[in-house]
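Participant: Everything below, folded, please.
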Amino acid sequence: MIYLDNSATTKVRTEVLSAMLPYLNESYGNPSSIHKQGRLAKEAIADSRKKVSVMLGCLPEEVYFSGCGTISNNAAILGRARFVEANDLPRQLITSAIEHPSVTGPARYLESQGWDVTYLPVDRQGFVTAGSVKTALSEKTSIVSIMWANNEIGVVEPIAEIAAAVQDFAGQLGRDIFMHTDAVQVPGKIAIDLQQLPVSALSLSGHKFGAPKGIGVLFLRRLVNIMPIFFGGGQEMGLLPGTEALPNIVAIGEAARLAHLEQAELAGRLSAYQKRLFEILSACEILKVTGPEDIRKRLPGHVSVAVNNLEGEAMVLRSDLKGLAVSSGSACHQGIIEPSAVLRALALPDSLAQGALRISLGRDNSAEDVETAGKQLVEIFAKLQATSAKGKAAV
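Facilitator: This next block holds a predicted model:
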């Protein structure tokens with residue numbers, strides 16, 4: 001099996017597994033306990049918090065551990081919304097049409113509660129421009145949430161320009177506007193420096209960069225207020241209460257250390273693989289690139305295409321039989337193939353959007369994987385196209 005679905009999840013790194021194992025069966029104390037085992041656990045969490053802060057370029061006290069990226073996104077958006085409502089501030093949220101469901105879900109909920117929610121359109125390559133954000137900003141704006149990099153089409157948004165535009169407008173208003181970004185796809189692929197990027201909050205998910213599933217991060221800038229949407233103990237300063245998942249927290253700390261250390265090398269290698277794979281797939285004349293055509297504006301290692309008049313799920317299943325793990329942007333619901341909301345936002349015709357395929361390379365892939373997978377995918381496209389043509393001729 002050649003695994004090419006790293007945007008969905010990554011393998012737990014060997015170094016990460018080694019780091020977390022002692023906290024499963026040796027130093028397994030509850031961090032809230034004051035005995036030695038508890039103190040050791042608390043020290044391990046502090047160490048992980050510092051490692052994540054180094055990767056992000058922020059203060060350790062600005063790092064909060066959560067259960068996953070989805071929880072971080074909800075805690076940021078709905079937590080700030082609670083603060084806005086408690087302080088009788090204007091209730092407008094600005095987001096984009098291609099956000100992850102863990103952002104559009106809270107947005108739809110707030111809309112049902114009377115909030116004014118603006119869903120910014122994207123161009124045919126998936127870009128949200130700083131200009132469109134500026135146009136949408138108003139005296140009513142309290143929250144802006146724009147994802148940094150899209151999991152389906154690989155587009156890297158101009159998040160620094162967008163955040164600067166929000167910051168400038170907030171300065172004109174004379175009050176804060178909460179700027180959040182879903183950065184789940186970013187670690188290890190794009191350098192992060194929150195001393196330079198003026199966002200209020202940022203969300204991460206450990207299983208996207210070598211940690212296990214079940215651990216995420218919420219960066220919340222110092223002196224920026226949100227209110228809890230979960231209630232219980234006082235862990236994570238009361239914002240994300242619950243007994244800490246100690247082994248997973250240790251894991252994400254080590255994964256963050258490695259991602260920060262290796263980021264430049266990995267990004268360069270994945271970009272080279274990405275370029276070569278696009279070259280191989282271009283042999284298929286009925287194929288269209290989805291997302292940015294310029295790979296410098298895509299996530300390193302991310303390849304997304306659509307093949308006219310084919311079904312994404314059929315391509316995924318045929319690839320699986322050939323030993324390739326890839327994914328599709330279309331899904332079958334009750335026998336009907338439906339393109340994702342992201343693909344619909346690109347204004348692709350259904351005949352093309354239904355044939356969406358995503359290939360996402362990771363640190364364990366090799367140049368040989370790229371050559372093998374590229375050749376097999378081109379063959380799969382051709383065979384499925386021939387089968388489709390025969391079926392239409394028979395009709």
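Participant: hmm, who's touching stretch 104-123?
Facilitator: Stretch 104-123 has contacts (Cβ atoms under 8 Å, 6 or more residues apart in numbering) with 73-74, 77-78, 81, 91-99, 128-129, 132-133, 136, 140, 145-146, 155, 341, 345-346. C-beta: built from backbone N, CA, C; applies to glycine.
Participant: For this protein, which element, helix or strand, carries the lowest mean pLDDT?
Facilitator: Using mean pLDDT, DSSP states H and E, the weakest-scoring helix or strand in the chain turns out to be strand 330-333, at a mean of 44.
Participant: Among the contacts of stretch 104-123, the buried ones, what's the PyMOL command?
Facilitator: A single PyMOL command selects the buried members of these (16 or more other Cβ atoms under 10 Å):
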select buried, resi 73+74+77+78+81+91+92+93+94+95+96+97+98+99+128+129+132+133+136+145+146+155+345+346
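Participant: Just the ones in strands from the contacts of stretch 104-123, please.
Facilitator: In strands, defined here by DSSP state E, the members of these are Gln92, Leu93, Ile94, Thr95, Ser96, Ser145.
Participant: And Arg13, how far from Leu266?
Facilitator: 12 Å (Cβ to Cβ, to the nearest Å).
Participant: now do Glu26
Facilitator: 31 Å.
Participant: more neighbours, those two?
Facilitator: Leu266 (19 against 10; other Cβ atoms under 10 Å).
Participant: Show the pLDDT at that one.
Facilitator: At Leu266, the pLDDT value in this model is 98.
Participant: these two touch, right, it and Gln274?
Facilitator: No. Leu266 is beyond contact range of Gln274, at 12.0 Å (criterion: Cβ atoms under 8 Å).
Participant: which residues in the protein form helices?
Facilitator: 14-20, 22-25, 36-56, 69-86, 101-112, 130-136, 159-173, 246-281, 312-321, 341-345, 350-353, 367-394 (DSSP state H).
Participant: What residues of the longest one count as buried?
Facilitator: Buried residues in helix 246-281, counting neighbours by 16+ other Cβ under 10 Å, are found at 246-260, 263, 266-267, 269-274, 277-278, 280-281.
Participant: Over to the last one?
Facilitator: Residues of helix 367-394 classed as buried under the neighbour-count rule (16+ other Cβ under 10 Å) are Asp369, Val370, Ala373, Gly374, Gln376, Leu377, Val378, Ile380, Phe381, Leu384, Gln385, Ser388.
Participant: Quick one: mean pLDDT for it?
Facilitator: Rounded mean pLDDT across helix 367-394 is 85.
Participant: could you check the angle helix 246-281 makes with that helix?
Facilitator: 60 degrees (axes from the mean of the first three to the mean of the last three Cα atoms, to 10 degrees).
Participant: between helix 367-394 and helix 312-321, how many degrees?
Facilitator: 130 degrees.
Participant: what packs against helix 367-394?
Facilitator: Helices and strands touching helix 367-394, as assessed by 3 or more Cβ pairs under 8 Å, 6 or more residues apart in numbering; DSSP states H and E, comprise strand 2-3, helix 246-281, strand 302-307, helix 312-321, strand 324-325, strand 356-360.
Participant: partners of the fifth one, with directions?
Facilitator: Strands flanking strand 324-325 in the sheet, each with its direction: strand 2-3 (parallel) (DSSP bridges).
Participant: got a list of contacts for the strand it pairs with?
Facilitator: Lys11, Gly323, Leu324, Ala325, Gly362, Asp364, Asn365, Asp369, Thr372, Ala373.
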